[in-house]
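1. sharing a model that was predicted from the sequence below.
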Amino acid sequence: MNVEDKELLEKVSDTKDFQSMAYNIRKDGKAVERKITEDVSIVNKEDGSGIDIYIKESAKNAFVYIPVLLTKSGLEDVVYNDFHIGKNAQAIIMAGCAIRNNANKNSRHQGIHRFYLEEDSKVKYIEKHYGEGHGSGHKVLDPITELYLGKNSTMDMDTVQIKGVDSTVRMTKAVLEEKATLTISEKIMTAEEQYAKTEFEVDLKGKDSSAHVTSRSVATEHSHQLFISRLNGYNQCYGHVECDAILKDEGTVQAIPEVNAQHIDARLIHEATIGKIAGEQLTKLMTLGLTEAQAEEQIINGFLK
């Protein structure tokens with residue numbers, strides 16, 4: 001990687017010191033750097049379509065870093081990454097994709113990530129998406145995430161779309177077994193003519209399984225966002241989806257909830273709030289000496305923090 005690549009990588013990284021952890025860095029459709037550790041193995045798929053990541057049983061604080069860079073205009077990159085989390089293991093996994101497109105062809109990355117959590121395992125998953133470039137070609141990110149949570153396992157998923165992504169379709173599907181817990185926090189900001197669609201489908205199959213999905217988004221200028229969620233309760237369980245959105249300029253947001261209770265003790269809740277920045281919030285900050293634009297920026301940054 002050159003200096004520009006490293007600067008682009010920092011846009012989707014929560015750490016600069018990744019040399020001590022297991023990692024696989026992918027650039028323009030190929031792995032360019034890799035390291036494994038005692039607790040983490042990374043193996044190429046036989047058909048070359050991606051990698052398998054294995055976190056051994058009872059591993060404590062295993063760290064995995066798997067970012068992707070796209071720097072060639074017109075590239076269509078699809079990769080399959082499967083994560084196998086051993087029984088009673090604890091892991092932090094950091095992913096994300098940054099696209100730089102300085103030409104007129106569309107660049108697209110689709111990461112298909114599948115997580116298999118065995119009994120009593122715990123995973124913190126962090127994913128960031130970012131786009132930049134002065135070309136007319138679009139930056140497109142279409143991630144698919146599949147989660148299979150075994151008995152008493154825990155998954156904490158934090159996804160952020162920072163800026164610069166022209167189009168994204170984000171699909172997340174989850175199946176939870178007995179006493180499994182899933183928490184998802186999604187943050188998205190769109191501007192100009194950008195489009196973002198996110199779709200969640202959670203199957204609460206096991207007794208006392210639970211899921212909490214929170215989506216916070218800001219749609220500005222002429223951008224549009226579509227949020228779809230489906231909660232399916234097949235046992236004594238709890239599911240909660242919360243969608244909060246701020247509109248600015250001509251931005252639009254559509255939220256479509258669906259709850260499907262197939263058991264008398266399935267408790268499913270959906271909440272959605274969409275609106276502009278409250279006038280009293282702006283007024284309060286402007287009395288402190290901020291301009292209206294500065295006050296709006298501070299409110300938005302705090303909302304997406």
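-> That came through, no problem.

2. quick one: the helices in the stretch 151-300 of the chain?
-> 279-286, 292-304 (DSSP state H, counting those that start in this stretch).

3. distance to Ile99, mean pLDDT and mean neighbour count added to those, as JSON lines?
-> Where C-beta positions appear, they are placed from N, C-alpha and C, glycine not excepted. Output for the helices of the stretch 151-300 of the chain, formatted as JSON lines (distance: least, C-beta to C-beta, whole Å; pLDDT from 0 to 100; neighbours: other C-beta atoms under 10 Å):
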{"stretch": "helix 279-286", "distance to Ile99": "33", "mean pLDDT": "82", "mean neighbour count": "13"}
{"stretch": "helix 292-304", "distance to Ile99": "20", "mean pLDDT": "85", "mean neighbour count": "14"}
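
4. among these, which is nearest Ala91?
-> Closest approach to Ala91 among the helices of the stretch 151-300 of the chain (C-beta to C-beta): helix 292-304, 25.9 Å.

5. just want the angle from the closest one to helix 279-286.
-> Using axes from the mean of the first three to the mean of the last three C-alpha atoms, to 10 degrees, the direction of helix 292-304 lies 110 degrees away from that of helix 279-286.

6. who's in contact with helix 292-304?
-> 160, 187, 189, 216, 218, 244, 246, 248, 277, 281-282, 285-286, 290 (C-beta atoms under 8 Å, 6 or more residues apart in numbering).

7. for the helix or strand bottoming out on mean pLDDT in the chain, packing partners?
-> Using mean pLDDT, DSSP states H and E, helix 279-286 stands out as the lowest-scoring helix or strand of the chain, at a mean of 82. Using 3 or more C-beta pairs under 8 Å, 6 or more residues apart in numbering; DSSP states H and E as the contact test, the elements touching helix 279-286 are helix 292-304.

8. in strands, which of the contacts of helix 292-304 fall?
-> Among these, the residues falling in strands (DSSP state E) are 160, 187, 189, 216, 218, 244, 246.

9. can you redo those residues as TSV with neighbour count?
-> Formatted as TSV, these follow (neighbours: other C-beta atoms under 10 Å):
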residue	neighbour count
Val160	19
Lys187	18
Met189	25
Arg216	19
Val218	24
Asp244	17
Ile246	23
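
10. low-confidence ranges in the protein?
-> Counting by pLDDT under 70, the chain contains low-confidence ranges at 15-16.

11. of the helices of the stretch 151-300 of the chain, which is nearest Tyr148?
-> helix 292-304 (29.3 Å).

12. and Glu4, which of the three is it?
-> helix (DSSP: H, G, I helix; E, B strand; the rest coil).

13. contacts only, for it.
-> Per C-beta under 8 Å, 6+ apart, neighbours of Glu4: 71, 100.

14. do the same with Asp208
-> Contacts of Asp208 (C-beta under 8 Å, 6+ apart): 178-179, 235-237.

15. among these, which one has the most neighbours?
-> Counting by other C-beta atoms under 10 Å, Cys237 has the largest number of neighbours within those, with 28 neighbours.

16. could you find the closest non-adjacent residue to that one?
-> Once flanking residues are discounted, Cys237 sits nearest to Leu204: 3.8 Å by C-beta to C-beta, 6 or more residues apart in numbering.

17. surely that neighbour touches Asn235?
-> Yes. Counting by C-beta atoms under 8 Å, Leu204 does reach Asn235; the two are 6.5 Å apart.
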